[in-house]
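Undergrad: sharing a sequence plus its predicted fold:
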Amino acid sequence: MKTILLIEDNDNIRENLAEIMELSHYHVLTAVNGAQGVAIAKEQKPDMIVCDIMMPVLDGYGVLQALRKEPGLQGIPFIFLTAKAEPTEKQMGMEMGAYDYITKPIGGPELLDSIKNYFKK
Amino acid sequence: MLTINSTQELTALFNNVSIGIVTINGEGDIVMCNHFALKQFGYKEGELMGRKIELLIPRRYQHKHVAHREDYYEHPHKRSMGIGMDLFALKKDGTEFPVEVSLSPYITDEGEFTIAFVSDITIRKQAENALLQTNANLEQKVQEFGALYNNMAIGIASINKDGEIVLINQFALQKFGYTENELIGQKIEILIPGRYKPKHVKHRDNYSANPHSRSMGIGIDLFALKKDGTEFPVEISLSPYLTKDGQFTVAFISDTTIRKEAENALLQLNQELEQKIKERTESLRESLEKEKDLNEMKSRFVSMASHEFRTPLSTILSSAHLALKYNTIEDLPKKDKHLNRIISSVKMLTDILNDFLSLGKIEEGKIQVRITEFDVKESITAVINEMSNNLRTGQSFIYNHMGPDMVKLDPSLMAHIIMNLFSNAIKFSPEHSPIIVNTVHNNDVLHFSVKDSGVGISAEDQEHLFERFFRGNNVSNIQGTGLGLHIIRKYAELMDGTITCKSELGKGTEFVVTFKIPAAG
């Protein structure tokens, strides 16, 4: 079973997406802000990270940068999940080294598709 | 010394002198004349002998001459003829020439004689006339120059090397208000304001040492002093000149009052123009700033709206997907949970929409205020009950009321203000912290305060707190439209109220809304 770390400050979205991924048989870890997410990632070494951008304490960009500096965590696939829907914002996220960039509103299926696609390879 | 000692020598002298000599007897008959006289008058030798002397005199004088001659014979003496008169002689050919004649009487055995020495003064007369003409011309020039000098519209004063005025024209006298007598012989410094006098003496000495034509005080404002003590601005140019009496300097003095006034007016005009340009630039800059602000606000609105809508929509969409999955009886509570999430998210979206609409109404001045009397304590308690579901773990409202319960305000605007401040307090303060609410109603004033122990607002952010779309720097990652406080302040103002904020970063925030309440009744 693949372990996915979900970092999202909005309670409803975090709970709903975790529930959706669990129903598809993923092991889901959650964090309510970037700093907590980085700490869990270091500790648990998940197979994938799904991360919001606009969050208190440490935002999504900060999480990705922090992970890229950690030797053991550099290779973890990273998916941005965000309300920042501008093409330039998406380009910026991808250039930072994200595997995918999914814009809100999100229902669940598109996230599951992206995760499945990665692990199929 | 040559001594004439023979008749021969005397005859030679008589005939070769360059003066006409004519001798006449008592009757006026010519008895002798020399060669020079014959040549002067154009006669041949012998032609004049025995003829009356009047033959050699123009006709118009002949009659008088006979009388003069007779007078002369009564008192003969050596004299010049016709003193003070122009004498003329008549040639044989009828032409005349100017002469000077001197007469000497002498007596011999043969009677009384008069010898006349006749000088042709044609050339001298011509020279005299030329001189006269020159004098006349000179006189005219002097008169013309005098007129020019006195009537020129520029002051002219000449001073000697001691700085004394020797000459000054009418225009200058008029300008300075003196008579000529008052100034001639005075030091030029009499025309200079006191504060410049010592320096001027020094300058004048320097100039005397090295006189040359030049303007005075280039680049400096010069002033002249009138007799009445007033001053006027001048421009002065200096020219030295030398006469047999020594070194002089002529000063040309122009009154520049009018020019200075024109210059000042121009300067004033320029300054006004500059001021206008400045003002225009400033107003243009302000317009641009406003335009920029508006654009910035627009882009902030778009990005805020995008984020604020996408977040609850995500909840709705994902909860809907999950609700579809829960179809068994056991899963019914889960289904209900998601349906409730959908409902509350739609409510959140509606609130955002209402905020936008309120903003639009506020800007268009379309908010209606309906003042009625209501129980403020009851209203606040109702909102507290309603919002208790939204409290975070361990959060609680602590409410105290003092004074009369009834107030006269718009209850619906008031409810909006209460709800906004409560939801802010819940949103920005941590779990397990109280939200302290107070209403104090006395002396016709209502204070309504909401105090939390949340993230706080920096002093810098407090300045912009009530602006449209403004979000504190420390809450950019917490959901919000940046409209709530803007809207409630406008609502408070519509009810003649004020809203103030006391806050410290990390410690908490207290909002106080104050209304003047007309006595209930």
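TA: It's in. Fair warning: this is a prediction, and the values are worked out from it, not measured in the lab. Residues are numbered from 1 along each chain as shown, chains lettered A, B, ... in the order given.
Undergrad: got the buried residues for stretch B:105-121?
TA: Buried positions in stretch B:105-121, judged by neighbour count with 16 or more other CB atoms under 10 Å in any protein chain shown: B:105, B:113-118, B:120-121. (Glycine included, C-beta is placed from N, CA and C.)
Undergrad: return the member of those residues nearest to chain A.
TA: Distance ranking of these against chain A, using CB to the nearest CB, places residue B:121 first at 121.4 Å.
Undergrad: if I pick that closest one, what's in contact with it?
TA: Taking CB atoms under 8 Å, 6 or more residues apart in numbering or on different chains, we find residue B:121 in contact with B:98-100.
Undergrad: rewinding a little: and the two most separated of the buried residues of stretch B:105-121?
TA: Largest separation among the buried residues of stretch B:105-121 by CB to CB: B:113 and B:121, giving 24.5 Å.
Undergrad: same question for the one residue sitting closest to the centre of chain A, what's its three-state structure.
TA: Nearest to the geometric centre of chain A sits residue A:50, at 1.3 Å (CA atoms, centre = their mean). Residue A:50 carries the three-state label strand when classified by DSSP: H, G, I helix; E, B strand; the rest coil.
Undergrad: thinking again about what came up before, show me which of the contacts of residue B:121 is closest to chain A.
TA: Nearest to chain A among the contacts of residue B:121, with distances taken as CB to the nearest CB, is residue B:98, at 121.4 Å.
Undergrad: confirm that that closest one sits in a strand.
TA: Yes: counting by three-state DSSP, residue B:98 falls inside a strand.
Undergrad: do I have it right that it meets residue B:122?
TA: Yes: in this structure, residue B:98 is within contact of residue B:122 by CB atoms under 8 Å, at 5.8 Å.
Undergrad: which of those two has more neighbours?
TA: Set residue B:98 next to residue B:122 and count neighbours by other CB atoms under 10 Å in any protein chain shown: residue B:98 wins out with 17 against 12.
Undergrad: and the gap between that one and residue B:135?
TA: Distance, residue B:98 to residue B:135, by CB to CB, to the nearest Å: 19 Å.
Undergrad: ok, now residue B:194?
TA: From residue B:194 to residue B:135 the distance is 47 Å (CB to CB).
Undergrad: report whether stretch B:415-427 contacts chain A.
TA: No: applying CB under 8 Å from any CB of the partner chain, one finds stretch B:415-427 separated from chain A by no less than 11.6 Å.
Undergrad: that stretch - what's its average pLDDT?
TA: Per-residue pLDDT over stretch B:415-427 has a mean of 94.
Undergrad: do stretch B:271-289 as well
TA: The pLDDT scores in stretch B:271-289 average 92.
Undergrad: so how far is that stretch off the chain centroid?
TA: Relative to the centre of its chain, stretch B:271-289 is centred 21 Å away, using CA atoms, centre = their mean, to the nearest Å.
Undergrad: again, but for stretch B:336-348
TA: 76 Å.
Undergrad: so what touches that stretch?
TA: Under CB under 8 Å, 6+ apart, the answer for stretch B:336-348 is A:12, A:16, B:312-313, B:315-316, B:319-320, B:322-323, B:326.
Undergrad: what's the burial count for the closest residue to residue B:221 other than its chain neighbours?
TA: Distances taken as CB to CB, 6 or more residues apart in numbering or on different chains place residue B:233 nearest to residue B:221, at 6.1 Å, with adjacent residues excluded. Using other CB under 10 Å, residue B:233 has 17 neighbouring residues.
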